[in-house]
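Engineer: Test case, fold it:
(one chain, ligands or ions: 2)
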Amino acid sequence: RDDLPDIRRKDIERHKDASTGVWMTYRDGVYDVTDFVAEHPGNKKILLAAGGAVDGFWDFYAIHHTPHVYRQLEELRIGNLHPEDAAQTPASNGSSSKAFSHEPRRAPVLQVHSARPFNAEPPSELLVDDFITPTTLFFVRNHLPVPAMVDSVTVDGVGVHRPVNMSVSEMKTRFEVITVTTAMQCAGNRRQEMDDFRSVKGLQWGSAAIGNAEWTGVRLSDVLAYAGVREGDIEHVIFQGGDSDAEGTPYEASIPAAIALDPHRDVLLAFEMNGEPLTEDHGAPCRVIVPGFIGARQVKWLRRITASRAVSESHWQRADYKIVPDSFNWAHDDISEVMPIYEYPVQSAICEPADGSSLDADEDTVVVRGYSWSGGGRGILGVDVSVDGGVTWRAARLTQTPQGVGRQWAWTLFDVEAAIPSDRRGGRLDVMCRAVDTAHNSQPGDIAAIWNQRGLLHNACHRVTVHVPE
Ligand code: HEM
Ligand code: MTE
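Structural biologist: Ligands and ions are numbered 1, 2, ... in the order given. Below is the predicted model of the structure:
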């Protein structure tokens, strides 16, 4: 960037806090991140690089190596590192190679958003071929490196009369083993569309950060009862994962006690997915499944369960996975006061035809297929599809499995075959879907109404455009 000044490393080193401004370098760029620190999605960690180079940190936090983050970084650029200093900057400290030594092999079919930590989703056209998503096609959302496998879960905290420390095989012998079919959706699913509307911060997920699987395990409510935990003693149950960051802080999240202790909510300590032991990416040997909740609360590589009066202190519970409205002022407002997201609202998305694809010339009809789901055990009453941009709608055929009122955890697939209007030949079809759940909630019509700074819970009506040959 020739228009910007050259800045010496010793000047950058003097900019370490708000009084002087916070500067840092990446490769040969110099950036002023003073105002960005408060709203950095990785919180105060960014200050570890204050006055220095981010390169070595980003070896470990490699989630930054995406065009999306580079673009946001360039908006903060104030100069170029002086050529004499640039030559001496170590590009990398190699800290990542040991941390990422437990990464498994992955199916090449997955579309990767971040290689380290691994974040990927399947092509959406393949997602709705099966009611039960094959494990190899199930999206993966890792905030941190995959940890070494440890077969031990402990239970401690408020009201625990009998501390528990058990392996998966002990769980199987001590508690009833059940299988629950539930969809799991990342709160960031469909973020890319929200970002296209107006920029948001976070991984650029398409519409396939969701899957529907059969999870086998034991009820959390049984384990808590065994440990002696009673309703009234606690407000939250905290789950700690075996994965941790460069400073040793593990992934952690919590759920309200009323959900954890209710056997009808089917919260599981799961050790199997689709009839097989959990894979490394999905939390082996044991993870939490909280049907109807966002993925972030369903802690993988589960190591510790803590009965508590307060929510987890973790970054992901207190500062992330929250709806941050446009009006939120990072300098003055307190993010820990914002309500954490738990249940998912009603959602649906078109998986076929793919956005931007072309229909076959000899077809008179188009088959529209997709998924639909709502959180909190609310089922799907119906999905309507439009092929004329929302002017007319028709009801789609639904594929769903009965699970009982208030416990409709699995997703609903939908399909409809619609005639291609003759005036669309040589033009485009504007295909839309909208779902209604059993509480008669429907999806918002446009993104503007639900836009939020982190691009979470994007459930506005999904729209794809397809070309129709002459
Ligand atoms: C996440 C930007 C420096 C640690 C993020 C995200 C952005 C970002 C946009 C969201 C990424 C995503 O979800 O796609 C920046 C910029 C930086 C910077 C512009 C400096 C100029 C740092 C440094 C560290 C760090 C120095 C660590 C020492 C993290 C962590 C996350 C994060 C831990 C959260 C990852 C997660 O929860 O998955 N950062 N970052 N960042 N960043 Fe930074
Ligand atoms: N658990 C741990 N320990 N570490 C994580 O990074 N990611 C969470 C959740 N549990 C995560 C975790 C998020 S944000 C989601 S969406 C789901 O796991 C994704 O589960 P999956 O990778 O099995 O699809």
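Engineer: Can you give the contact residues for the helix or strand of the chain with the lowest mean pLDDT?
Structural biologist: Least confident helix or strand of the chain, by mean pLDDT, DSSP states H and E, is helix 96-99 with a mean of 77. The contact list for helix 96-99, computed with Cβ atoms under 8 Å, 6 or more residues apart in numbering, reads 59, 60, 62, 116, 145, 246. Just so you know, the C-beta spots here come from the backbone N, C-alpha and C atoms, and that holds for glycine as well.
Engineer: Mind telling me what element the first one is part of?
Structural biologist: Translated: residue 59. Per DSSP states H and E, residue 59 falls inside helix 55-60.
Engineer: which residues does the residue in the stretch 1-150 of the chain that ligand 2 sits nearest to contact?
Structural biologist: Nearest to ligand 2, among the residues of the stretch 1-150 of the chain, is residue 143, at 3.4 Å (Cβ to the nearest ligand atom). Residue 143 is in contact with 63, 117, 243, 251, 316, counting by Cβ under 8 Å, 6+ apart.
Engineer: what phi and what psi does the backbone show at it?
Structural biologist: Note on residue 143: backbone dihedrals following degrees, to the nearest 10 are phi -80, psi -20.
Engineer: So that it lines up with my notes, have the first residue be 23 from now on.
Structural biologist: OK, 23 is where the count begins now, so the last one is residue 165.
Engineer: and residue 291, how many neighbours does it have?
Structural biologist: Residue 291: 24 surrounding residues under other Cβ atoms under 10 Å.
Engineer: residue in the chain nearest to ligand 1?
Structural biologist: For the chain, Cβ to the nearest ligand atom, closest residue to ligand 1: residue 64, 2.2 Å.
Engineer: Can you get me a residue count around that residue?
Structural biologist: Per other Cβ under 10 Å, the neighbour tally for residue 64 reads 16.
Engineer: pLDDT score for the closest residue to it other than its chain neighbours?
Structural biologist: The shortest distance from residue 64 to any non-neighbouring residue, by Cβ to Cβ, 6 or more residues apart in numbering, is to residue 83 (6.7 Å). With respect to pLDDT, residue 83 scores 88.
Engineer: where exactly do the helices run in the protein?
Structural biologist: Secondary structure of the chain (DSSP state H): helices at 31-34, 77-82, 89-96, 105-108, 118-121, 146-149, 190-196, 213-219, 242-249, 279-282, 337-340.
Engineer: looking at those, which has the lowest confidence?
Structural biologist: helix 118-121 (a mean of 77).
Engineer: Just the CA trace of that one, in PDB.
Structural biologist: The C-alpha coordinates for helix 118-121 follow below in PDB (Å, rounded to 0.1, in the frame of the first residue of the first chain):
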ATOM      1  CA  SER A 118       0.500 -24.900  15.800                       C
ATOM      2  CA  SER A 119       2.100 -28.100  14.700                       C
ATOM      3  CA  LYS A 120       1.900 -29.800  18.200                       C
ATOM      4  CA  ALA A 121      -1.500 -28.400  19.100                       C
END
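Engineer: Okay, now the unreliable bits of this protein?
Structural biologist: By pLDDT under 70, the low-scoring segments of the chain are 111-118.
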